[in-house]
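**Q** need a 3D model of the sequence below.
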Amino acid sequence: MNEQEEHLKQFLTSSTYHQLSANQQKHAQDILTRFNQHMFNEQHLADTAWTPQAVREVMVGDFIADPALTNQFGIAVAPVLKAYQKFLKVDQLKEIEAAIDSQRTNMNTCRKAHQTWAQLHGETTTASSAAEKDTEPASTNNAIKKVHRADWSPAKLEQFISDTKVAVATAPEFQHQFLDHAQQQYIVVEFLTLIHQEFNEYPGEWDFSDLQRVLGMMMPLDPDITPKQIQNIVPTAQALFDYLKRTNKIDMDQYKTALKSIANMQPSQSMLASLSRKERETQLVMSFIRSNGVNIDDMKAADQWMDGHRDEVADFMRTLLRPWREYEHQQLVRRQHAAQQRARLSQPGEKAVRHHRAPRGIKFSKKARKKRHRK
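**A** Numbers count the residues shown, from 1 in each chain. Sure, this is the predicted structure:
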């Protein structure tokens, strides 16, 4: 056990921890494990060496952009972080507490959007400076994206997809997978098509949140995808990202973003694969409601939240179902037709229309006809 893990273990049994609310205690370990990890990876700081600037940056960075984080998690972040630093008796406690309080609103904005502050503002500057300078000119990253985008065209993207489809059958990354090459090609082509079609993003500029929407939500709703393919979206996507990185089609930053987008996706994909398509839609709606801090085990609370947020839910599902709108339209027409049929049959005096074969004359054998004539 390293020093940070030991600190966390001691905090979770301390009086400082027990002074937190029930919701704060519930999320404390997850908050601190995630925050310490991001603080170490991004700022190279141990839990006893945080700085106010580093705290502001991590609070509105990847730490809070995960779509799986609930409203209750977000509410608990600030008091848990302050309690933890108080427990550690750090030197800059007052300054760090002020930094935490100053960034709470921006952090909540990021959590709701499932994006970092930099992603929300198209910037690569530090999160703290971005939070303090909303009117700052477009960043270098935007300029890089524009230059990169200028290298692309619809024809080039089509050729890229075609070349990648061929690579699925030959590149080592795609061998020894559970899916055969044709099934992997279906997933690869669909992903590359959807990420551009729905979010206008070319390889090399994929956004974390959009990757999750396509791979984790849109693709499982494809009417033609098989349960086995849904089950293997994650390993196939990882093989694709590994191949693109090895062949220098994407850089290391894009590779890391891509891998992070699928890091915790497999359990949900496995669950979606076991459901019918309609049940997948329902499950994704439930996930959306849960991400807004609603306890979906409490059906009354979930129904009340949906009643008050109908437009939000509808917009969410419209986005996910947009690629399949023709299929959805056909299904809607069928349902409407069936409903009209049921309505007609339920009207008083309305009889069901029965289709019979046209009556046919009775045919007698020659022997039978002779007998009739003799009579």
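**Q** pull the residues that contact stretch 280-300.
**A** Outside stretch 280-300, the residues that touch it by Cβ atoms under 8 Å, 6 or more residues apart in numbering are 67-72, 74-75, 112, 114, 217, 220-221, 268, 271-272, 275, 301-302, 305-306, 309, 313, 316-317, 320-321. (Each C-beta comes from the backbone N, C-alpha and C, glycine too.)
**Q** go with 6 Å
**A** For stretch 280-300, contacts defined as Cβ atoms under 6 Å, 6 or more residues apart in numbering pick out 67, 70-72, 217, 220-221, 272, 301-302, 305, 316.
**Q** now the helices for the stretch 151-300 of the chain?
**A** 154-168, 181-199, 208-213, 227-231, 233-246, 252-262, 266-273, 277-291, 299-308 (DSSP state H, counting those that start in this stretch).
**Q** what are the buried residues along the fourth one?
**A** Right, the one you point to is helix 227-231. Buried residues in helix 227-231, counted by 16 or more other Cβ atoms under 10 Å: 229-231.
**Q** please apply the same query to the last one.
**A** With burial defined by 16+ other Cβ under 10 Å, the residues of helix 299-308 counted as buried are 302, 305.
**Q** let me know the average pLDDT across that helix.
**A** For helix 299-308, mean pLDDT is 88.
**Q** export it as CSV, just CAs?
**A** Output in CSV follows, covering the C-alpha atoms of helix 299-308 (Å, rounded to 0.1, in the frame of the first residue of the first chain):
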residue,chain,number,x,y,z
MET,A,299,-39.8,4.6,-9.8
LYS,A,300,-42.0,7.4,-8.4
ALA,A,301,-39.0,9.7,-8.2
ALA,A,302,-37.8,8.7,-11.7
ASP,A,303,-41.3,9.3,-13.2
GLN,A,304,-41.6,12.7,-11.5
TRP,A,305,-38.2,13.7,-12.8
MET,A,306,-39.1,12.6,-16.4
ASP,A,307,-42.4,14.5,-16.2
GLY,A,308,-40.5,17.6,-15.4
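**Q** mind checking what helix or strand follows that helix in sequence?
**A** Per DSSP states H and E, the first helix or strand lying C-terminal to helix 299-308 is helix 310-321.
**Q** tell me which element residue 326 falls in.
**A** helix 325-346.
**Q** helices or strands up against the helix or strand harbouring residue 9?
**A** Here residue 9, judged by DSSP H and E, is contained in helix 3-11. Judged by 3 or more Cβ pairs under 6 Å, 6 or more residues apart in numbering; DSSP states H and E, helix 3-11 is in contact with no other helix or strand.
**Q** shaky segments in the stretch 1-150 of the chain?
**A** Residues of the stretch 1-150 of the chain that meet the criterion pLDDT under 70 lie in 1-2, 123-148, 150.
**Q** show me where it has helices.
**A** Taking DSSP H, counting those that start in this stretch as the criterion, the stretch 1-150 of the chain contains helices spanning 3-11, 15-18, 22-43, 52-59, 71-88, 93-102, 104-113, 117-121, 127-132, 140-150.
**Q** with respect to burial, which of those scores highest?
**A** Of all the helices of the stretch 1-150 of the chain, helix 52-59 has the most neighbours on average by mean count of other Cβ atoms under 10 Å, namely a mean of 23.
**Q** the inter-axis angle of it versus helix 71-88?
**A** Orientation check (axes from the mean of the first three to the mean of the last three Cα atoms, to 10 degrees): helix 52-59 against helix 71-88 gives 150 degrees.
**Q** make residue 1 into 341 and carry on from there
**A** From this message on, residue numbering opens at 341, which makes the last subject helix 392-399.
**Q** pull the CA atoms of stretch 442-451 into PDB?
**A** The C-alpha trace of stretch 442-451 is given here as PDB (Å, rounded to 0.1, in the frame of the first residue of the first chain):
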ATOM      1  CA  SER A 442     -14.300  29.000  -6.400                       C
ATOM      2  CA  GLN A 443     -14.400  26.100  -8.900                       C
ATOM      3  CA  ARG A 444     -17.600  24.400  -7.700                       C
ATOM      4  CA  THR A 445     -19.900  26.100 -10.300                       C
ATOM      5  CA  ASN A 446     -17.600  25.400 -13.200                       C
ATOM      6  CA  MET A 447     -17.100  21.800 -12.100                       C
ATOM      7  CA  ASN A 448     -20.900  21.300 -12.000                       C
ATOM      8  CA  THR A 449     -21.200  22.700 -15.500                       C
ATOM      9  CA  CYS A 450     -18.500  20.200 -16.700                       C
ATOM     10  CA  ARG A 451     -20.200  17.300 -15.100                       C
END
